[in-house]
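Asks: give me a 3D structure for the following:
(one chain, ligands or ions: 1)
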Amino acid sequence: MPNSVPVSFEFFPPKTDAGYEKLLNVHSELKAADPEFFSVTYGAGGSTQERTISTVIELNQRGVQTAPHLSCIGATEATLTDLLDRYKDAGIRRIVALRGDLPSGMGGTGGDFRYAADLVRFIRERYDDTFKLEVAAYPEMHPQAPNFDRDVDNFVAKANAGANTAITQYFYSVDAYVHFVSEVRKRDCHIDIVPGIMPITQVSNLIRFSDACGADIPRWLRKQLEACGDDSARIQSIGLEVVSSLCRELINAGAPALHFYTMNRSEPSLAIIDRL
Ligand code: FAD
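Replies: Here you go, the predicted model:
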């Protein structure tokens with residue numbers, strides 16, 4: 001099914017064999033939408049890292065390129081070189097390069113890297129153009145940034161260090177995206193900035209997650225969703241309407257592609273793509 005804009009889909013590494021089997025089905029269903037790539041998240045300093053690696057390598061053999069997310073916080077150059085060599089040998093050619101967040105209780109940062117820009121620079125120096133590098137962008141500002149302008153400067157530093165494209169944190173305000181892109185362009189940075197799209201299927205998790213990662217759920221939307229109570233059919237119907245319309249407006253505003261946070265499910269993203 002050709003799309004009006006390219007799409008990509010993000011997974012997290014399943015914790016169980018059953019979750020893995022389910023992911024393989026979801027992967028086949030999403031392949032029908034002809035994605036440009038899939039990506040698999042990576043827990044900084046966490047115990048799921050090996051699962052990311054095996055999932056990425058397996059999915060990459062199934063016909064559509066798959067990009068591992070790779071975080072550098074707490075990592076050493078030696079361990080990242082081992083991992084990048086493994087990915088290179090397995091035919092991986094795209095990496096989502098991140099700083100990451102250490103799980104609480106893991107103390108200071110340690111490791112050889114401080115920011116995602118350091119990781120991008122490191123990969124470019126060691127691996128030249130072997131990998132296409134994606135980085136993270138925050139239209140509503142990264143929660144730890146001192147102010148918006150500094151955050152945009154720090155984003156542009158990742159592009160200048162060698163990132164090819166960016167994927168944003170999810171958001172529900174087209175204006176936030178348009179403003180962010182325009183601030184980036186003012187700094188003479190012209191890499192593609194692809195909106196990250198979070199389908200809405202559930203309210204309490206979305207609110208909790210959004211509070212943690214600094215994504216704003218506008219008051220009009222939060223109130224509408226909260227008023228649904230436990231009526232999940234109604235939540236999904238409002239979610240589909242709101243997020244499809246967001247995607248349409250983003251495409252009209254010039255978004256070069258859409259990256260879906262699938263939460264390892266196919267229907268919510270496919271329903272939105274069908275509406276487009
Ligand atoms: P950076 O770009 O390094 O920025 C982090 C903060 O440091 C920002 O506030 C920035 O303004 C500031 N900063 C940058 N450079 C400097 C500097 N030179 N001086 C001072 N301040 C500076 N997390 C995971 O653990 N695993 C994942 O798989 C994962 N996938 C993600 C995918 C996407 C598309 C996005 C948007 C986020 C993802 N995250 C993931 C979350 C991400 O790791 C966190 O948001 C993390 O806090 C920041 O990572 P970053 O790569 O954006 O960091």
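
Asks: what residues does the protein have near the ligand?
Replies: 41-44, 69, 71, 96, 98-101, 115-117, 136, 142, 144-145, 151, 154, 158, 167, 169, 196 (CB under 6 Å from any ligand atom). Where C-beta positions appear, they are placed from N, C-alpha and C, glycine not excepted.

Asks: buried subset of those residues?
Replies: 41-44, 69, 71, 96, 98-101, 115-117, 136, 142, 145, 151, 154, 158, 167, 169, 196 (16 or more other CB atoms under 10 Å).

Asks: just the ones of those in helices?
Replies: Secondary structure from DSSP state H places 116-117, 151, 154, 158 of those in helices.

Asks: report the mean confidence score over stretch 38-50.
Replies: When pLDDT is averaged along stretch 38-50, the result is 83.

Asks: tell me how far the ends of it are from each other?
Replies: Using CA to CA, to the nearest Å, one end of stretch 38-50 lies 18 Å from the other.

Asks: next: stretch 48-68.
Replies: End-to-end distance for stretch 48-68: 13 Å, by CA to CA.

Asks: ok, now stretch 64-83?
Replies: Using CA to CA, one end of stretch 64-83 lies 21 Å from the other.

Asks: next, the buried residues of that stretch.
Replies: 64-75, 80, 83.

Asks: now do stretch 184-193
Replies: Applying a neighbour-count criterion of 16+ other CB under 10 Å, one finds 184, 189, 191, 193 buried in stretch 184-193.

Asks: kindly report the same for stretch 85-98.
Replies: The neighbour-count check on stretch 85-98 (16+ other CB under 10 Å) flags 87, 90, 92-98 as buried.

Asks: just put the residues you listed in JSON lines and tack on pLDDT and distance to residue 244.
Replies: As requested, those are arranged in JSON lines below (pLDDT from 0 to 100; distance: CB to CB, whole Å):
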{"residue": "87", "pLDDT": "98", "distance to residue 244": "34"}
{"residue": "90", "pLDDT": "97", "distance to residue 244": "36"}
{"residue": "92", "pLDDT": "98", "distance to residue 244": "32"}
{"residue": "93", "pLDDT": "98", "distance to residue 244": "31"}
{"residue": "94", "pLDDT": "98", "distance to residue 244": "27"}
{"residue": "95", "pLDDT": "98", "distance to residue 244": "30"}
{"residue": "96", "pLDDT": "98", "distance to residue 244": "25"}
{"residue": "97", "pLDDT": "98", "distance to residue 244": "30"}
{"residue": "98", "pLDDT": "98", "distance to residue 244": "28"}
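
Asks: one step back: need the buried residues of stretch 184-193 in a markdown table (columns: pLDDT).
Replies: As requested, these are exported to a markdown table (pLDDT from 0 to 100):
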| residue | pLDDT |
| --- | --- |
| 184 | 98 |
| 189 | 98 |
| 191 | 98 |
| 193 | 98 |
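
Asks: ok, now how distant is the residue nearest to residue 174 when sequence neighbours are not counted from residue 173?
Replies: Residue nearest to residue 174 in three dimensions, not counting chain neighbours: residue 249, with 4.6 Å by CB to CB, 6 or more residues apart in numbering. In this view, residue 249 and residue 173 are 10 Å apart by CB to CB, to the nearest Å.
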